[in-house]
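Novice: How does the following fold in three dimensions:
(chains A and B)
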Amino acid sequence: MKHLFLLLLLTFLSLSGNASLRTIADSLYEEQNYIEAQRAYTSLIEKGEDDATVYYNLGNANYRLKKYADAVLCYERALKRAPALKAAKVNLAITQTKIADKFSQPEEMFFVSGLREIIRSSSPAAWGAWSVVALVFSLIGCGLFFLCDGRGWRLGGIIAAVVSLTVCILLNLFAAYHSHLVGQKKAVVFQPTYLYSSPSRNSEQLRPLHEGTTLLIEDLGKGQWLYVSLPDETEGWIFLHAVEQV
Amino acid sequence: MSLLVVGTWAQGIAVDAPRKVGMGDYFSLTFTVSSMDVSNFKAPSLHAFDILSGPNESRNHSYTSVNGKSSYAESLTITYVLQPTKKGVVQIPAATAVVNGKTISSRPITIEIVEGSTSSAAAHRPQRNIGAATASPSNLKIGKNDLFFTVTPSKTTVFEQEAVLLTYKFYCSDRVGLQSIGIAKRPEIRDVFSEQKNNPDISNYQTEVVNGRRYVTNTVLQQLIFPQKAGKIVVPGITFSCDIAQEMTMDNVFDSFFNGGNILSQKVQRTCPELTLQVLPLPQPKPANFTGAVGKYSVSGEMLTKQLKSNDLCTYRVTIEGVGNMKLLSAPNFRFPKDFDNYDPKINEQTTFSSEGQSGSVTIDYTFVPRNIGKYNVEGLKFVYFDTDARAYKTIQLPAMQFNVTKGTRSDEEVEREKALMGADLGDIIKENAGTPLLSWGSWAYWLIYLVLIGGFITLLPFLRKWLQVDLTLSELNFKRAGNKISKRFRSAVKLLHKNDKRGFYVEINKALNHYLTDKFGLQPSEQSAERIARCFQENQIDETLLQRFQSLQEQCEYARFAPVLEGTNEQDVLHEAEHLIQDIERALKHSTSSAKSKI
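Specialist: Down below sits the predicted model:
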């Protein structure tokens, strides 16, 4: 009976606007009614309101329902839309401890991974905005150089211009790299399967793969197979229908 | 217009039946005679089949009018509904009848009976009714013995948790055309765990003779129940609701029309009888490791991770196969060595419904992380279950294992991080819309901002320079400074005058003039000779007259400093002259610089 009421309420309110549907979904989650919350978030997405927050919340609901592969897919989709959403990164890491496949990180210099984390901490748009600020400072410096007569001002101006320009270029590079990371196509395994050495079931099985593992799509391949790489940088072929694309 | 009664000479009896029929099919065999004046119809021998229905007679009249000629024809159809009893090729001999005094016959036909069911038989099936009758008269009262349901348990006395299969069957006499069955009321059975399986195709029926009457029967649904408590279990009867096909008569033909031309159906309810089961308690004392498994099982264990490495996640899989209450199995306790991290076991079951319970396999995955290298002896898993056939507890002991843990690649920090994450609680939901950024990096709008800023700066620069020129070139800054300073000195000179310090006044005016030369033209006091001053004025293109005024003013002041005050010298005049002179020099300088600049 309660479910029927909620269903009617959902239908009525979905006709009167999505903002209220979002609130309902949030309250359902907070009441710990995860099944209904999951349905509500899914219908929000179907209606076109598919921003990062909705996917993040849906990921939470799926996690509570122990549907870890769906949760991973939702968090990855949220991060595609809001690359710097820290909450999604944290929850994704928590969910990944519940999935069967574990990978050891490939060896790399600590500052490389440190730098990558710094770049990933802000979205490309944020880096872009700061780079515009650096550009403005650079132009002010140029202005001082060209328009002032005092030696001190002109020196200060040229230094400020050069430093700001370097910063501006650097921030643009950060934005470009993060944008590249976000643009990478990914897929999540939904059915237990194997990584094959060539696009055929008769080829060698390199390793088993279980639900919830995130793969990087290297090549869309042909027909029913995708060429992918694993988190430990192993590459191989996987059957298209065993995964869902992010 | 005469009505011709066409006495068709019946060439023979037309016979119609499918060529191939499956063992499970029923089909109709029809004989048609093109005359109504039929007597003595003799059906052929149909001993190779079960006669479900027939002979059913139907008469057909048709009246046609062509080109003014009317004709009227009659025919008689006799139908049998048959079901094959054995496979092979069966012959149906000729049927005979006497029409208009003459004996006519049908030709013999052969039907091939095969395994299973064929679609051609389905095409010959009358109206999808389960019962043999095509339709019952609408005023037929369907009695208790025309349609009833039974429930049969596989066992009436079982142990706790032992499976009992309940089979629900319907029995429908051949007078009744049963179309479909639904469940009207289904009371709950208390203290049991149950699983149900519906029969998807109830039209695939068998025939049975019960109390001398022939019925068609089939299973409607089956239910597996696992009693959770000892004592008496009452299985209340399920009430089924059935649709019975009704014959179309003049009374209900209009109803049928509005019903979409479908056969009208009558709804009838039947309840199957209540059952009582006796549940025996499991014998005491129960062994220590018994967790409730009842049935017949075998257990095997397998280490999924071939090589155990420190700080790596390893999995040990236990597979339990058999039949019984598999869905209710819980993971047996597995004792890991002390310095192993272990996590909740994951249970996956793949079972199918069977008469003795759920049969299939259940896999239990135990995940663990060895923290240190070394050799560990681990006790094998013990699985205890109650064997229903032997009526005793049985223990399966898996062999002891040796874990050989070698150095792993993952560092302690990685594992600690992973453990922290595993224990962490999920972050909360976000209520506000994150919102998409106004501008995304790399879009044309983004680069447009760059273009606007840089381009704007480049185009504005010359204008800025020009606009700022007037006040901001070096010498002009000096001009300003000089003007202020001299006003200050004049003011202090005036103060001295008020104090009646005439000498001080002239000193002050002189100082002002000297400092003016220093500030304006960079002439230090030691350099301020008459020639230098003159040259300076010339270089700056200041008019001769102004030079003369300057020099005379200087003389006046110097004179007044050392010589006694002359009558006729008016300090006010001197002050005014000084101020005007400076203003004129200033103006002259402005003109000369602007003209100089315009020449550039």
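
Novice: nearest residue to the closest residue to chain A within the stretch 1-150 of chain B other than its sequence neighbours?
Specialist: Of all residues in the stretch 1-150 of chain B, B:Phe149 sits closest to chain A, at 30.8 Å by C-beta to the nearest C-beta. From N, CA and C alone the C-beta is placed, and that goes for glycine too. Once flanking residues are discounted, B:Phe149 sits nearest to B:Cys272: 4.0 Å by C-beta to C-beta, 6 or more residues apart in numbering or on different chains.

Novice: separation between that neighbour and B:Leu166?
Specialist: Distance, B:Cys272 to B:Leu166, using C-beta to C-beta, to the nearest Å: 10 Å.

Novice: any shared contact partners between these two?
Specialist: Here B:Cys272 and B:Leu166 have B:Val151 as joint contacts, going by C-beta atoms under 8 Å, 6 or more residues apart in numbering or on different chains.

Novice: so after the longest helix belonging to chain A, what's the next helix or strand?
Specialist: Longest helix of chain A, by residue count under DSSP state H: helix A:151-183. Reading on from helix A:151-183 to the C-terminus, the next helix or strand found by DSSP states H and E is strand A:186-189.

Novice: Next, the spatially most central residue of chain A: secondary structure please.
Specialist: For chain A, the residue whose C-alpha lies nearest the mean C-alpha position (C-alpha atoms, centre = their mean) is A:Leu79; its distance is 2.0 Å. Secondary structure assignment for A:Leu79 (DSSP: H, G, I helix; E, B strand; the rest coil): helix.

Novice: Model confidence for B:Ser203, exactly?
Specialist: According to the prediction, B:Ser203 has pLDDT 68.

Novice: ah, wrong one, I meant B:Asp471
Specialist: 45.

Novice: quick one: low-confidence ranges for chain A?
Specialist: Flagging of chain A using pLDDT under 70 yields the residue ranges A:1-19.

Novice: Mind doing that once more with 50?
Specialist: For chain A, no stretch has pLDDT under 50.

Novice: Show me the helices in it, by range?
Specialist: All helices of chain A, identified by DSSP H, fall at A:2-15, A:18-30, A:34-46, A:52-64, A:68-81, A:86-96, A:110-121, A:124-147, A:151-183.

Novice: Show me which residues of the third one are buried.
Specialist: Meaning helix A:34-46. By neighbour count on 16 or more other C-beta atoms under 10 Å in any protein chain shown, the buried set for helix A:34-46 is A:Tyr34, A:Glu36, A:Ala37, A:Gln38, A:Arg39, A:Ala40, A:Tyr41, A:Thr42, A:Ser43, A:Leu44, A:Ile45.

Novice: From these, pick the one nearest B:Thr291.
Specialist: For those, the closest approach to B:Thr291 (C-beta to C-beta) belongs to A:Tyr34, at 28.5 Å.

Novice: Identify the residues contacting that closest one.
Specialist: A:Tyr34 neighbours (C-beta under 8 Å, 6+ apart): A:Leu28, A:Ala61, A:Arg64, A:Leu65.

Novice: Show the buried residues in these.
Specialist: Judged by 16+ other C-beta under 10 Å, buried ones among these: A:Leu28, A:Ala61, A:Arg64.

Novice: List just the nearest of the residues you listed to B:Asn540.
Specialist: A:Ala61 (85.3 Å).

Novice: so the closest one touches A:Tyr29, yeah?
Specialist: Yes: the criterion here is C-beta atoms under 8 Å, and A:Ala61 meets it with A:Tyr29 at 6.0 Å.

Novice: Give me the common contacts of the two.
Specialist: Counting by C-beta under 8 Å, 6+ apart, the residues touching both A:Ala61 and A:Tyr29 are A:Ala37.

Novice: thinking again about what came up before, so what's the backbone phi/psi at the residue nearest to B:Phe149?
Specialist: Dihedral pair for B:Cys272: phi -80, psi 160, per degrees, to the nearest 10.

Novice: and what of B:Ser34?
Specialist: Taking degrees, to the nearest 10, you get phi -90, psi 60 for the backbone angles of B:Ser34.

Novice: Can you give me the neighbour number for it?
Specialist: 20 (other C-beta atoms under 10 Å in any protein chain shown).

Novice: same deal with A:Arg116?
Specialist: A count of nearby residues for A:Arg116, using other C-beta under 10 Å, gives 14.

Novice: Then B:Ser529?
Specialist: Counted with other C-beta under 10 Å, B:Ser529 comes out at 10.

Novice: Now do it against B:Glu579, distance only.
Specialist: 25 Å.

Novice: Spit out the contact partners of A:Phe110.
Specialist: Per C-beta under 8 Å, 6+ apart, neighbours of A:Phe110: none.

Novice: center of chain B - which residue?
Specialist: Centroid-nearest residue in chain B, with C-alpha atoms, centre = their mean: B:Ile429, separated by 18.1 Å.

Novice: How about the contacts made by the residue lying closest to it once chain neighbours are set aside?
Specialist: Nearest residue to B:Ile429, sequence neighbours excluded (C-beta to C-beta, 6+ apart): A:Asn57, at 4.4 Å. By C-beta under 8 Å, 6+ apart, A:Asn57 lies in contact with A:Ala25, A:Asp26, A:Tyr29, A:Ala37, A:Tyr41, B:Ile429, B:Ile430.

Novice: Not counting sequence-adjacent ones, nearest residue to the last one?
Specialist: So that's B:Ile430. Nearest to B:Ile430 is A:Thr53, by C-beta to C-beta, 6+ apart, at 4.8 Å.

Novice: One more: the third one?
Specialist: Setting aside the residues directly before and after it, A:Tyr29 is nearest to A:Ala37 in space (C-beta to C-beta, 6+ apart), at 4.1 Å.
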